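# show me how the following folds:
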Amino acid sequence: MQGARILATGSAVPDLCINNQKISEMVETSDEWIVTRTGIKERRVLTGINKSVVDLAALASIKALNKISMDPLEIDLIILATSSPNDLFGSASQLQYQIGARNAVAFDLTAACSGFVLGIVTASQFIQNGSYSNVLVVGADVLSKWIDWSDRSTCILFGDGAGAAIIQACSEKDNGILGFQLNTDGEKFDQLSIAYKENKKIHKEWPLPKGEFKHIQMNGKEVYKFAVSKVPISILNCLNSLNISPQDINWMLLHQANKRILSAVADKLDISSNKIISNLNKYGNTSAASIPLALDEALQKNTIDHNDIIVIAGFGAGLTWGTVVIKWKC
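Numbers count the residues shown, from 1 in each chain. Below is the predicted model:
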């Protein structure tokens, strides 16, 4: 088994910034109310004709490639973690074409807010078994397209963005993907969903279905309880399997959903708030993009040092949740 490590990262967000004051002009709320309950002050929203999740994903990917002067033709595999594709059949192939990575196999991975964690795990499995050497994992979502902007419970939360990571094969001693732990509870899928609905269109003597999707629907209280109860257990199980103590980790990077969730998980694990990586206040919940976006910004600020241990945990729709522990090797 060979090792795998994250070689470079990149990120991208739309230009349009919508702050809480603007949201309060759409629904009955206020900046104080939103910040107190979520920690979010503003979010980015993708607008414009022909603008899509692929554009954000491509920009983030190119930034990652440029950091290490890698030719896109060297990429063997592209995993696009998204729940808001530009095409219902998948958008990874469009990303492959747009960045010029024509030698790469490309596919979408749909796991909502846990998507990037599952993408890292999937990429590391392909690398460690010798199938591929250079894998591009992108978390990108434009959930603004699926928001009911009159629904105060959801419109304050979500934003658009993309984050990319290039994961490369390495020697076992330089391995940076230490371990993972993944879970799903399908019984509670409806606690956070964009549900399918079917409209009947009559054609002569029989009804023909016309498929559509609803807006984001979320049971906020249940999702909060799920996150603060399940995520700490997942992290502990993963750390225990690696014989690592929570006090030995350098950084904790959780899906950027809600400031109260980040604090509650840290408290349960007795991890200092100084070890939490977060940019939630600037971008809101960007689903699969939230973890790589925050990781890239932390690296740009030189927050993370060589050999730092980072606990990364995603959680959300499905319901899915999982942890991957990495050691930063660059």
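
# mean confidence for the helix or strand harbouring Leu236?
Following DSSP states H and E, one finds Leu236 within helix 220-241. Averaging pLDDT along helix 220-241 yields 95.

# which helix or strand lies directly C-terminal to it?
strand 251-254.

# elements contacting that following strand?
helix 259-268, helix 290-300, strand 309-316 (3 or more C-beta pairs under 8 Å, 6 or more residues apart in numbering; DSSP states H and E). (C-beta placed from N, C-alpha, C; glycine too.)

# which one of the ones you listed lies nearest to Ile194?
strand 309-316 (11.9 Å; C-beta to C-beta).

# give me the sheet partners of that closest one and which way each runs.
strand 251-254 (parallel), strand 320-327 (antiparallel) (DSSP bridges).

# any chance of the backbone angles for the residue nearest to Arg43 when sequence neighbours are not counted?
Spatial nearest neighbour of Arg43, excluding adjacent residues (C-beta to C-beta, 6 or more residues apart in numbering): Gly159 at 3.0 Å. Main-chain torsions, Gly159, degrees, to the nearest 10: phi -140, psi 180.

# run a quick neighbour tally on Gly159.
Other residues near Gly159 come to 31 when the count uses other C-beta atoms under 10 Å.

# was I right about it contacting Thr38?
No - judged on C-beta atoms under 8 Å, Gly159 makes no contact with Thr38 at a distance of 11.6 Å.

# that older thread, would you reformat the helices and strands packed on strand 251-254 as a markdown table and include distance to Cys17?
Formatted as a markdown table, the helices and strands packed on strand 251-254 follow (distance: least, C-beta to C-beta, whole Å):
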| stretch | distance to Cys17 |
| --- | --- |
| helix 259-268 | 19 |
| helix 290-300 | 14 |
| strand 309-316 | 23 |
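
# wait, which of those is closest to Gln217?
Gln217 lies closest to strand 309-316 among these, at 13.2 Å (C-beta to C-beta).

# just the angle between the closest one and helix 220-241, please?
150 degrees (axes from the mean of the first three to the mean of the last three C-alpha atoms, to 10 degrees).

# mean confidence (pLDDT) on strand 309-316, please.
Rounded mean pLDDT across strand 309-316 is 97.

# ok, for Gln181, nearest residue in space, not its chain neighbours?
Of all residues not flanking Gln181 in the chain, Cys238 sits nearest, at 4.0 Å (C-beta to C-beta, 6+ apart).

# what's the local residue count around the one you found?
Neighbour count of Cys238, defined by other C-beta under 10 Å: 22.

# ok, it to Ile99 distance?
32 Å (C-beta to C-beta, to the nearest Å).

# give the contact list for Ala165.
Contacts for Ala165 (C-beta atoms under 8 Å, 6 or more residues apart in numbering) come out as Ile6, Ala8, Thr9, Ala64, Ile120, Leu136, Val137, Val138, Pro292, Leu295.

# what helix or strand does the first one sit in?
If you go by DSSP H and E, Ile6 is part of strand 3-12.

# who does that strand touch, helix- and strand-wise?
Where contact means 3+ C-beta pairs under 8 Å, 6+ apart, strand 3-12 is packed against helix 53-67, helix 115-128, strand 160-170, strand 177-184, helix 290-300.

# now it and strand 320-327, what's the angle there?
Using the same axes, to 10 degrees: strand 3-12 against strand 320-327 is 110 degrees.

# tell me the buried residues in strand 3-12?
Neighbour counts over strand 3-12 (16 or more other C-beta atoms under 10 Å) mark Gly3, Ala4, Arg5, Ile6, Leu7, Ala8, Thr9, Gly10, Ser11, Ala12 as buried.

# quick one: which of those residues is nearest Lys329?
Nearest to Lys329 among the buried residues of strand 3-12 is Arg5, at 4.4 Å by C-beta to C-beta.

# for burial, what's the neighbour tally of the closest residue to the closest one other than its chain neighbours?
Sequence neighbours aside, Gly176 is the residue nearest to Arg5 in space, at 3.4 Å (criterion: C-beta to C-beta, 6+ apart). Per other C-beta under 10 Å, the neighbour tally for Gly176 reads 22.

# report the beta-bridge partner residues of Leu80.
Beta-bridge partners, per DSSP bridges, of Leu80: Asp108, Val138.

# let's have the chain start at 50 instead
Taking 50 as the first residue, the last one we looked at is Leu129.

# and it, what does it touch?
Ala106, Gly139, Ser140, Ala141, Leu144, Ala155, Phe156, Asp157, Leu158, Val187, Ala189.

# out of these, who has the most neighbours?
Going by other C-beta under 10 Å, Ala189 tops these with 38 neighbours.

# shouldn't that residue be within a strand?
Yes - under DSSP: H, G, I helix; E, B strand; the rest coil, Ala189 falls within a strand.

# picking up where we left off before, want to throw the strands paired with strand 358-365 into a markdown table with mean neighbour count, distance to Lys270 and mean pLDDT?
What follows is the strands paired with strand 358-365, written out as a markdown table (neighbours: other C-beta atoms under 10 Å; distance: least, C-beta to C-beta, whole Å; pLDDT from 0 to 100):
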| stretch | mean neighbour count | distance to Lys270 | mean pLDDT |
| --- | --- | --- | --- |
| strand 300-303 | 24 | 19 | 98 |
| strand 369-376 | 24 | 17 | 97 |
